[in-house]
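> A predicted structure for the sequence below; I have some questions about it.
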2 protein chains.
Amino acid sequence: MTTLAGRASSPTLDEVAELAGVSRATVSRVVNGSPKVRPEARRAVEEAVARLRYVPNPAARSLVTRRTDTIALVLSESDTQVFSDPFFARVVRELSAALADTEMNLVLLAARGEREQEKVARYVRQGHVDGVILMSLHSQDTLPAVLAEAQVPLVLSGRPLDGRTVCYVDADNAGGAREATEHLLAGGRRRIATVSGPQDMIAGIDRHAGYRAALEAAGIAPDADLVATGDFTEAGGARAMALLLERAPDIDAVFVASDPMAVGALRTLRESGRSVPGDVAVVGFDDAAVAATSDPPLTTVAQPLDEMTRLMTDLLLRQVEGDAEVQARVCPTRLVVRASA
Amino acid sequence: MTTLAGRASSPTLDEVAELAGVSRATVSRVVNGSPKVRPEARRAVEEAVARLRYVPNPAARSLVTRRTDTIALVLSESDTQVFSDPFFARVVRELSAALADTEMNLVLLAARGEREQEKVARYVRQGHVDGVILMSLHSQDTLPAVLAEAQVPLVLSGRPLDGRTVCYVDADNAGGAREATEHLLAGGRRRIATVSGPQDMIAGIDRHAGYRAALEAAGIAPDADLVATGDFTEAGGARAMALLLERAPDIDAVFVASDPMAVGALRTLRESGRSVPGDVAVVGFDDAAVAATSDPPLTTVAQPLDEMTRLMTDLLLRQVEGDAEVQARVCPTRLVVRASA
DNA sequence: TTGAAAGCGCTAACAC
DNA sequence: GTGTTAGCGCTTTCAA
């Protein structure tokens, strides 16, 4: 009588309960995996659920539980085409993997430009998700502050540029870059150029700092001719490398500050017919595209991206569970030397 | 008394109502922009909302409205690294833009592999979103069928491979490819090679069909040596082009079936030192990376991606509004010749 | 134009 | 182990 034929009005707990001959509460227990249900009752409920194709209504559920079982990965950028960066593809993959056998769902929110960032902020503040992993790319981004102030469980991917005390996970980019550069120095090189990353992104800044620190420790004065900056993309790396070859023909070795830039830089090197006596050293997330390149000898220092994403989800879920202690902890991660030419 | 100090328990409609000295219903009307509210009352409510930093609880709201004001873009892939394809970046951008001044939110759901696809299917079936735009990439994908059967408002990006009668939006890939090839034929070319796309993806299939149709219409017999298949990536395009140059040194002109492949193919061409007498013609989404290339002469045939995404959102929102008529409509879109060398 | 009241579908005490 | 009951915060008739 009450069924609107045709309409896809999905069945409720009560209907399942009636069909199974038990109460709403028992159905709820079965659906939520409570152990305190008699096997027979459980079976009856399960059968009714299957027959009715019952699916719990998440709105009703989260109205009372105050949870959504969903976290968001927010990609906040001002305008650039960062979405097609292979690094993000990897992060998404690793995050999905980390949540695979959890009840947690992952949604991606793209926030490019001010309007979209506001929309995303509203979405999050409304409580659509239990927590946020935020990749904020440039220093001018306001989303980290907005979300932090909104008291949403939050983990930043990458150290915040403004020293804010929020939870974050980052690789030891400076240490890794230094390590890579030291490797080149150990090979006897002195004219070590660098394809650096953008200096308004923390990874770019830190990696460049590591490069400089290694040189300084070796008593080598910085030389502006040996520094070219790319935007972390393949094309940017190619352009930067071309610039370096033109400006400083006596380059000894090269330190490149990201995988895609390395792909571009190595290609420029090959195409130019030139070569450098030493290796090319790369710090990045260990993209297959770089690992596949073997033409010029290559040293890579890789972020443990799987560990990092696992750490991020751990920290976020702990906050979601109400563990406020974790709120202000910082969680650096060491880089790992992967291969050496 | 009832306020848990410390806890960020957000204010409710009742609290706003009390502070504003009106009833819950009036607050609701103001929040939802109903015109039937006296200006004074409205002002009082707005002030209270601001003071309390009130944000409506979406769970409570959608429990009664049966809407979530959110749609999902689902990226369904078996395993490949499609997430870093610049094409998706563009689609996401255009979709966000299309929804920018709507109340609708957009979330991205990554479904790679069977387990994630099931998780996404459950998420959608539970009613977390009002509708889905689905990019299903390969023919084996089961998600289109699952979601279609779940009665969720659905628009497919790209014609379904199995002729299912679901709503979709696609470009006229066959027509565009044919047009591009005919352009090469009109230039007097007869040995026209092709860097084709994967033959388990509808865009790959259709574009290849268009190429073949053009040749056939010109009375040219197909030659397997002139066909190399890539995976729609830059690297794949480069490899395919190398293969073509090796197998058929007498190539006249080349038709490439996607932008990233064109970037790769053109690079291979340049690096090889070889050139083809005619142009390279590309059909794709008009990536800036291709448009920027001017070394070998280039003809591009582009999908109107902004129109297509707008059409997708229109069709989806119409379904969400309950316009069932649209359910089975198919919505082809013509390709547009952009430039000619 | 406004308020009172009924529920949306679910979970979680609490009593049995 | 199971059922009863009381809300979660909101929208929406229906009267006033």
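Alright, I've got the coordinates. If you're wondering where the values come from, they're calculated on a predicted model, not measured in any experiment. Numbers count the residues shown, from 1 in each chain, chains lettered A, B, ... in the order given.
> now A:Leu184: closest residue in space that isn't a chain neighbour?
In space, and not counting its chain neighbours, A:Leu184 is closest to A:Ala253: 4.3 Å by Cβ to Cβ, 6 or more residues apart in numbering or on different chains. To be clear about C-beta, it is placed using only N, CA and C from the backbone, and glycine gets the same treatment.
> now do the contacts for the one you found.
Listed by Cβ atoms under 8 Å, 6 or more residues apart in numbering or on different chains, the contact set of A:Ala253 reads A:Leu184, A:Gly187, A:Arg189, A:Arg191, A:Ile192, A:Ala193, A:Val276, A:Pro277, A:Gly278, A:Asp279, A:Val280, A:Ala281.
> any idea which of those is closest to A:Glu149?
Distance ranking of the contacts of A:Ala253 against A:Glu149, using Cβ to Cβ, places A:Ala281 first at 40.2 Å.
> where does pLDDT dip in the stretch 201-341 of chain A?
Low-confidence regions of the stretch 201-341 of chain A, defined here as pLDDT under 70, cover residues A:294, A:324-341.
> how about the helix or strand harbouring A:Val16, does it reach chain B?
Taking DSSP states H and E as the criterion, the element that holds A:Val16 is helix A:13-20. No. Judged by Cβ under 8 Å from any Cβ of the partner chain, helix A:13-20 and chain B are separated, with a smallest distance of 13.3 Å.
> which elements pack onto that helix?
The elements that helix A:13-20 packs onto, with contact taken as 3 or more Cβ pairs under 8 Å, 6 or more residues apart in numbering or on different chains; DSSP states H and E, are helix A:24-31, helix A:39-52.
> average model confidence for the last one?
Mean per-residue pLDDT for helix A:39-52: 94.
> how about it and DNA strand C, any contact?
No. Contact check for helix A:39-52 against DNA strand C, using Cβ under 7 Å from any atom of the strand: none in range, with a minimum separation of 10.2 Å.
> following that helix, which helix or strand comes up?
Per DSSP H and E, helix A:39-52 leads on to helix A:58-65 as the next helix or strand towards the C-terminus.
> got the angle between that next one and helix B:58-65?
Per axes from the mean of the first three to the mean of the last three Cα atoms, to 10 degrees, the angle that helix A:58-65 makes with helix B:58-65 is 130 degrees.
> residues touching the residue positioned nearest the centre of chain A, list them.
Nearest to the centroid of the C-alpha atoms of chain A, with distances taken as Cα atoms, centre = their mean, sits A:Val91, at 4.2 Å. By Cβ under 8 Å, 6+ apart, the contact list for A:Val91 reads A:Leu73, A:Met135, A:Ser157, A:Leu305, A:Thr309.
> would you mind measuring from the first one to B:Gly219?
For A:Leu73, the distance to B:Gly219 (Cβ to Cβ, to the nearest Å) stands at 54 Å.
> just want to know which of these two has more residues nearby.
Counted by other Cβ atoms under 10 Å in any protein chain shown, A:Leu73 and B:Gly219 do not tie: A:Leu73 has more neighbours, with 24 against 7.
> make sure I have this right: that one is in a helix.
No. Going by DSSP: H, G, I helix; E, B strand; the rest coil, the assignment for A:Leu73 is strand, not a helix.
> bridging residues for it?
Each beta-bridge partner of A:Leu73 is listed here: A:Leu108, A:Ile133, as defined by DSSP bridges.
> looks like it contacts A:Ser136 (just checking).
No. Using Cβ atoms under 8 Å, A:Leu73 and A:Ser136 do not qualify as a contacting pair, with a distance of 11.7 Å.
> buried set for stretch A:78-85?
Within stretch A:78-85, the residues scored as buried using 16 or more other Cβ atoms under 10 Å in any protein chain shown are A:Gln81, A:Val82, A:Phe83, A:Ser84, A:Asp85.
> which pLDDT does the model give the second one?
Read that as A:Val82. 72.
> what about the strands in chain A?
With DSSP state E as the definition, chain A shows strands at residue ranges A:70-77, A:105-112, A:131-136, A:154-157, A:168-171, A:192-196, A:227-229, A:253-256, A:280-284, A:298-302, A:330-333, A:336-339.
> which residues of the stretch 51-200 of chain A lie near DNA strand C?
When proximity is defined as Cβ under 7 Å from any atom of the strand, the stretch 51-200 of chain A approaches DNA strand C at A:Tyr54, A:Pro56, A:Asn57, A:Ala60, A:Arg61, A:Leu63, A:Val64, A:Thr65.
> same list (those residues) but as TSV, adding neighbour count and distance to chain B.
Conversion of those to TSV gives the following (neighbours: other Cβ atoms under 10 Å in any protein chain shown; distance: Cβ to the nearest Cβ, whole Å):
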residue	neighbour count	distance to chain B
A:Tyr54	19	11
A:Pro56	18	7
A:Asn57	18	6
A:Ala60	15	5
A:Arg61	19	8
A:Leu63	16	4
A:Val64	8	9
A:Thr65	12	9
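> ok, back up a step: out of the contacts of A:Val91, which comes closest to DNA strand C?
Within the contacts of A:Val91, distances to DNA strand C taken as Cβ to the nearest atom of the strand reach their minimum at A:Leu73, with 25.4 Å.
> who touches the closest one in this structure?
The contact partners of A:Leu73, by Cβ under 8 Å, 6+ apart, come to A:Val91, A:Val92, A:Leu95, A:Leu106, A:Val107, A:Leu108, A:Leu109, A:Val132, A:Ile133, A:Met135.
> do A:Ser157 as well
A:Val91, A:Ile133, A:Leu134, A:Met135, A:Tyr168, A:Val169, A:Asp170, A:Met308, A:Met312.
> measure it to A:Val146 for me?
With distances defined as Cβ to Cβ, the gap from A:Ser157 to A:Val146 amounts to 16 Å.
> same question for A:Glu46.
Where A:Val146 is concerned, A:Glu46 sits at a distance of 44 Å (Cβ to Cβ).
> which one of these two is surrounded by more residues?
The residue with more neighbours, out of A:Glu46 and A:Val146 and counting by other Cβ under 10 Å, is A:Val146; that gives 18 against 15.
> could you pull up the residues touching the more buried one?
Residues A:Gln117, A:Ala121 are the ones in contact with A:Val146 under the rule Cβ under 8 Å, 6+ apart.
> let's go with 7 Å and repeat that
A:Val146 makes contact with A:Ala121 under the criterion Cβ atoms under 7 Å, 6 or more residues apart in numbering or on different chains.
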